[in-house]
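A.B. asks: Structure, please.
(chains A and B)
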Amino acid sequence: MARSLNTTGLAGWLRQATTNPVLHRLNIRRHVALCFALLILMMVICDGVLLWQLRVVRSQVELLKGVDGELIEVLRVHGDLFSFYERLGVAARSEDQNQLTIVSEEVRRGVLDEARRTEAAFRHLPPEVKVDETVFPTIETIENTLSSHLDAIRALAASGEWAAVRGRTDKQIQRLEFLSSQLVKDVARAVEAQRTQAATNIALVEHRIVFTAIVTGFVTLFTAAFFGWATALRIIELREEARAERKQSEEALRQAQADLTRANRVSSMGELTASLAHEVNQPIAATVTDAKTCLRWLARDQPDLQEARAAASRIVKDATHAAEIIKRVRRLFKKDTLQREFVDVNEIIREMMVLLRSEAMQYAVSARTELAADIPQVMGDRVQLQQVLMNLIMNSIDAMKDVEGTRELTIQSQGGQDGQVLLSVSDTGVGLPPQTDQIFNAFFTTKPHGTGLGLRISRSIVESHGGRLWAADNSPRGAIFCFTLPTKAEVDDSVKSEDDTEPADGLRSNNPGV
Amino acid sequence: MRLAIGIRNLSWPRATKTATIVCTFLFSLMLHGEHPTSKEPVTITFVDPEWSHDLTEHTLLVDERLKDFTQQTGIGVKHLPTPETALDQLDLVRKLLRQENSGPDVYGVDVIWPGVLSEELIDLKPYLTTELSSINADVVASYTVKGKLVALPYHSDIGVLFYRRDLLRRYGYGSPPRTWNELEQMSAKIQRGERARGQKDFWGFIWPGAAGEGLTCNALEWQISEGGGRIIEADGTISVNNPDAIRSWQRAAHWIGWISPPSVASLQEWDAINDFYYSDKSAFFRGWARSYLLSVRDIPSVRDKIGITSVPAAKNAQAATLGGFGLGLSGSSRHTTEALELIRFLIHREIKLEEARSDYESRTWPELYDPTAILRTKPNSADHGKQQVSGVVARPSTIAGRKYEEVSRAYIQAVHSVLLGQSKAPAAAASLEQELVRITGFKPGPPTRNRAPKDKSSGKVSGSRPAAGTSTAGPYHNLK
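C.D. replies: Below you'll find the predicted structure:
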C-alpha cells in the first residue's frame, strides 16, 4: 500500500515536474534530456566497465586457484610417486618376495588411483588455466611406465632375479623420478608465470577502475555545468524577450492613450463648436463693424484720418484675435506629439478662458480667474494641460447648467507646498455625485451624453506630469477640482526618477483607462 | 542578447561533440590493456620409445638432437618416455591418442603397430615425399596400411646374437655359433667352465623371455630357423601349429635350467642387457643391433669383449626379426606444422648420421659389421666385406593389421606357458591355432616353406621374406 502510494507520489511528482510551467516556459527540456541521457550513458558505461573488471578479477582469481590446483596436483603426484619409488626400493633391497609382491600390488593400486585422481583434477581445472599441454601426458606416461615396471619387477622377483629387480628400482625408476621432478619444476615455472600475469592483470584492473571513476566524475561535473550554463542562458533570453514584449505593449498602450486623449479633445472641441464659432464670430463681426466705421470715416468729405486709423488698428487687433483663437483650436486638434517644455500655467489658464468664455456666457456662468503672480513655470505639455483645464471647466459649466441661482466658475492658480503649483477649478454646480470615489474611473459619468473618460484621462495626464488630481465639495455648494503640478526644480527630480522607475508604473496607472 | 543566442546555438553540437569525445575516450580506455597476448613459443611433445630408461650415452645423444632442433627452429620439444615393452607402449599411446585434447604430437610407433594405430595417426605420405625417397621402400611398406603411411621409418633394428669374445677365445672357439646346436654346445661348455672357475651363477645364454613382444621376436626366430613358418603367413594362412614350430619351442624350453637361467622367462630386454653387459653372467645374449651400434661398440673395452653376429640358424634357415619404430603424427595434434618439422629434422639427422657412420665404419673397423646396413637403400653398404648378413623377417603385423595385438598376446601366452612348462608345446600350438583362427578369421594351413619363394620385387620386407626360404634373392642374404 505504502509502496503504491509512493509510486503514485513519485509519478505525480514526475508529472508535475515535467508539466511544470516554469520548466515549460524555460524551454530547457532538450538540455534536460541531453544531460540525463549523458548521465545515464555515463552510468551504464561506468557500470559496464566495473562489471567487466569484476569479471576479469574473478577470472584471475579462478585462474590463480586453478593454477595452484595444478601445481598442488603435480606436487602431490610427484610426492606420491616418490614414496612409491622409496617403498619399491626398500622392498627390492629386502629381497623378500612376499613383501615385494605386497608392496608392488599396493603401488599398482596407488598408481591407478593416482591416475584417476590426476585425470579428475585436470578435468576440473577452470578453463582459464592454461595447462601446459605436456603435463597430463607426462604424468600419464610416468604412471603407465611405472606400472609396466611393476609387472617386470614382480616377474623378476618371482624368479629370484633380485639383482635385476634392484637394477630396475635403482636405475630405471630413478629416471622416472627425474622426469617427475622435471615436471614439477616446469609446472612451478609456468605457474609462477601465470601468477605474475594475473598480478599484472589485477593491477591493470585497478588502474581501469580508478580511471573510470575519475572520468565519470569529470563527465558528471561537466554535464551539470553544461546544464546550469544552458539554463542560465535560457533565463537571460527569456528576460530579454519579456522586456521587449513589455516595451512593445507599452508603446501600443501609449499610442492608444494618445489616440484616446486626442479623441477626447476632439470631442470636447466638438461640444465647444458653437461657442467657438461665436468666439470667432465676435472679432470678425467687430472687424466688419470697424471696417465699416473706417470706411465711413474715410468717406466723409473731409476724411477723418485719425478715426479711420484707429478703426483700422482695431480691425488688425480683432483679426489677430480671431486668428489667435483659430490657431489655438488648431493646436488642440493637432495630432499628439508629446512635447515637454516649460510652460506658464497662468498663460494656459488665460488661453483656455479665451476659448471657453463664450461657452460660459452661453449658460450665464460668470467665470473669473484668480491667478497668483510669480508662480514658477512647470515642465509639461501645453496642449495636454490645456486639455485637463478644458475638461474640468466644461465639467463645471455642465454642472451649473441646470442650477438656479448664481453660477460662478473660479479658476485659481497658486504656489503650493513643496514648490508645487496648485490649480483648482471650482463651481457652484450640482456638486459631486454620491460615488465620489468612482468619478475618476473610466466610463463613469453622470451626464446623459458623457463618455465617462474625461476625468479619467485628465487624471492620467496630471499623473504623467508627476502631479495629482482630486475632487472635493465646494462650499456652500458645487465642487472643486484641484490638481498639482511640480515646478521646474521638482520636475528635474521627478524626471530623473521617472527615468529610473519602470515605465510599467505609467502603464499600470493608465491601464484601466484603456 | 544576440551573443547569448549565438552561444546557445553553438552549445548543442559542441555538447554532442564533447559527449562523443568522452565516450570514445572511455571506450578506448576499456580497450586499453586488451593487448593481444604475445604468441607463446610452441612446444610439441614427442613420445619416444627409445627414451632411455637409464642415463646412458644414448640418452644424451637424443637430448642433444632435440636441443639442436629447438635451437634451429625455436620449437620446444617435450621428450616423453614410453614403457619398455611394445605392448605397454601400445597401451599408453592408445590412451594418449584418445585423449580429446592436449595429447602428444609425435609418437614413436613400433613397426608392428601401424595397423593398430592407423586411424589415429595422420597419413604422412603427402608431407614427406623427399624424405621417403631416401628410405628403403621395403621398410616404408611395413609402416604403410592400405596406402596410408602411418609412420615414417625412423630407426630400424634387427635381432642379433651378442657373444663374449674373451670367453670364446678362452674356450677355444674361433668364431661365434652359426646354428642353435653350436650355440647350445658352446654355451654348455663355457657355462661348465665358468662355474668351475667359481662363478656359480653363470649361464651360457640369456635372452628376454618375459611375456612381452620381445618373446614374440625370439620365438619367431626360433621357429623360422626350424622351418616352422611365420605364425601367420603373408597370404593369411595360420601356420603356427606345425611340428617344426613345436620343436623349436621345445628346444627353447629345454634351454631353461640348462644353458639359460630359470629366471630368463621373467627377463625383459633391459634386464637381459644389464645381465649380459654389466654383470658378466653369460656368454651369449640375444639382443638388438641398435643398442650395440649406438653405445656399446664405441667403448673400446666393451668392443674388445663383446661381439655381435647374426641370430643362429637351424636346419632350415636363419632369421632376424625386423624391429624399430617410425615417427607418427597424431591426428589431434594442434601443432601439425611444427611436428612435421620435428619429424623432418630427425629423419634428416638420421640419414646424415647413417651416411657418416657407414663411411666411418668402413674406414675404422672393417672387421665389424652392421646388420642394419641391409635396411639402407644403398646396395653397396652391404658389401663392405661383410659376409654375415642375416635374413630379415617381419612379424605378421601387416597381415594381422588391427588384430596383431591380440595375435601377439595369444602367441606370447602360448610360448611363455611352454617355456614355463605349464603346458605341452603341441597342445599349446593347437590351442593357439584355434585362438588365432578365432581372432583373425584366417584359415589354418602349413607354413610356406614348400612354396616357391617370392620375387624380391614383390615389395614388403614381410612379403618378400619367405621365412623358410633358402633363396638368397634380394639384398637379404639368407645364411646357411
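
A.B. asks: where are the low-confidence patches of the stretch 101-250 of chain A?
C.D. replies: Along the stretch 101-250 of chain A, segments meeting pLDDT under 70 span A:128, A:130-131.

A.B. asks: redo that, cut-off 90
C.D. replies: The stretch 101-250 of chain A contains residues with pLDDT under 90 at A:101-202, A:204-205, A:207-235, A:237-238.

A.B. asks: Find the helix or strand that the closest residue to A:Gln53 other than its chain neighbours is a member of.
C.D. replies: Among residues not flanking A:Gln53 along the chain, A:Val205 sits closest, at 4.7 Å (Cβ to Cβ, 6 or more residues apart in numbering or on different chains). Using the backbone N, CA and C atoms, a C-beta is placed for each residue, glycine as well. Assigned by DSSP states H and E, A:Val205 belongs to helix A:173-299.

A.B. asks: and what of B:Gln223?
C.D. replies: Judged by DSSP H and E, B:Gln223 forms part of helix B:213-225.

A.B. asks: got the phi/psi numbers for the spatially closest residue to B:Pro444 that is not a sequence neighbour?
C.D. replies: Spatial nearest neighbour of B:Pro444, chain neighbours left out: B:Ile238 (4.5 Å); criterion: Cβ to Cβ, 6+ apart. Torsion angles at B:Ile238 (phi, psi; degrees, to the nearest 10) stand at phi -80, psi 110.

A.B. asks: Could you give the bridge partners of B:Ile238?
C.D. replies: B:Ile232, B:Pro444 (DSSP bridges).

A.B. asks: Do I have it right that it meets B:Gly445?
C.D. replies: Yes: using Cβ atoms under 8 Å, B:Ile238 is in contact with B:Gly445, at 6.9 Å.

A.B. asks: higher neighbour count, those two?
C.D. replies: B:Ile238 (24 against 17; other Cβ atoms under 10 Å in any protein chain shown).

A.B. asks: which ones are touching the more buried one?
C.D. replies: B:231-232, B:433, B:436-437, B:440, B:442-445 (Cβ atoms under 8 Å, 6 or more residues apart in numbering or on different chains).

A.B. asks: What is the strand ranked longest in chain B packed up against?
C.D. replies: Criterion DSSP state E: the longest strand present in chain B is strand B:151-164. Judged by 3 or more Cβ pairs under 8 Å, 6 or more residues apart in numbering or on different chains; DSSP states H and E, strand B:151-164 is in contact with strand B:106-110, helix B:137-142, helix B:213-225, strand B:282-288, helix B:289-294, strand B:306-310, strand B:320-329, helix B:336-364.

A.B. asks: ok, 6 Å please
C.D. replies: Other helices and strands packing on strand B:151-164, by 3 or more Cβ pairs under 6 Å, 6 or more residues apart in numbering or on different chains; DSSP states H and E, are helix B:137-142, strand B:282-288, helix B:289-294, strand B:306-310, strand B:320-329.

A.B. asks: Next, the angle strand B:306-310 makes with that strand.
C.D. replies: The directions of strand B:151-164 and strand B:306-310 differ by 120 degrees, with axes from the mean of the first three to the mean of the last three Cα atoms, to 10 degrees as the criterion.

A.B. asks: what's around residue 348, how many residues?
C.D. replies: Let's take chain A. 20.

A.B. asks: let's do chain B instead
C.D. replies: 13.

A.B. asks: Chain neighbours aside, what residue packs nearest to it?
C.D. replies: Counting by Cβ to Cβ, 6+ apart, the residue nearest B:His348 is B:Glu131, at 7.3 Å.

A.B. asks: try A:Thr369
C.D. replies: A:Ile411 (4.7 Å).

A.B. asks: For the one you found, which three-state class applies?
C.D. replies: Secondary structure, DSSP: H, G, I helix; E, B strand; the rest coil: A:Ile411 is strand.

A.B. asks: How about the contacts made by it?
C.D. replies: A:349, A:369, A:425 (Cβ atoms under 6 Å, 6 or more residues apart in numbering or on different chains).

A.B. asks: any idea how far the residue of the stretch 301-450 of chain B found nearest chain A is from A:Phe136?
C.D. replies: Distance from chain A to each residue of the stretch 301-450 of chain B (Cβ to the nearest Cβ) is smallest for B:Arg334, at 7.9 Å. Applying Cβ to Cβ, to the nearest Å, the value for B:Arg334 to A:Phe136 is 14 Å.

A.B. asks: got it, and A:Lys447?
C.D. replies: Counting by Cβ to Cβ - A:Lys447 and A:Phe136 are separated by 121 Å.

A.B. asks: Which of the two has more residues huddled nearby?
C.D. replies: Using other Cβ under 10 Å, the more surrounded residue of A:Lys447 and A:Phe136 is A:Phe136, with 24 against 12.

A.B. asks: Touching, the more buried one and A:Ala120? I think so.
C.D. replies: No: the pair A:Phe136 / A:Ala120 is not scored as a contact, 11.4 Å apart, by Cβ atoms under 6 Å.

A.B. asks: Could you find the closest non-adjacent residue to the residue in the stretch 51-200 of chain B positioned nearest to chain A?
C.D. replies: Chain A sits closest to B:Pro83 of the stretch 51-200 of chain B, with a gap of 3.3 Å, by Cβ to the nearest Cβ. If the residues on either side of it in the chain are set aside, B:Pro83 comes closest to A:Ser148, at 3.3 Å by Cβ to Cβ, 6+ apart.

A.B. asks: would that neighbour count as being in a helix?
C.D. replies: Yes: under three-state DSSP, A:Ser148 sits within a helix.

A.B. asks: I'd like to know how many residues surround it.
C.D. replies: 22.

A.B. asks: secondary structure class for A:Ala472?
C.D. replies: Going by three-state DSSP, the state assigned to A:Ala472 is strand.

A.B. asks: Look up how far A:Thr369 lies from B:Gly229.
C.D. replies: For B:Gly229, the distance to A:Thr369 (Cβ to Cβ) stands at 170 Å.

A.B. asks: Spell out which residues belonging to chain A are near chain B, please.
C.D. replies: A:38, A:45, A:49, A:133-134, A:137-138, A:141, A:144-145, A:148, A:152, A:155-156, A:159-161, A:164, A:167, A:171-172, A:175, A:204, A:215, A:219, A:226, A:233, A:236-237, A:240 (Cβ under 6 Å from any Cβ of the partner chain).

A.B. asks: I'm done for today, thanks for sticking with me.
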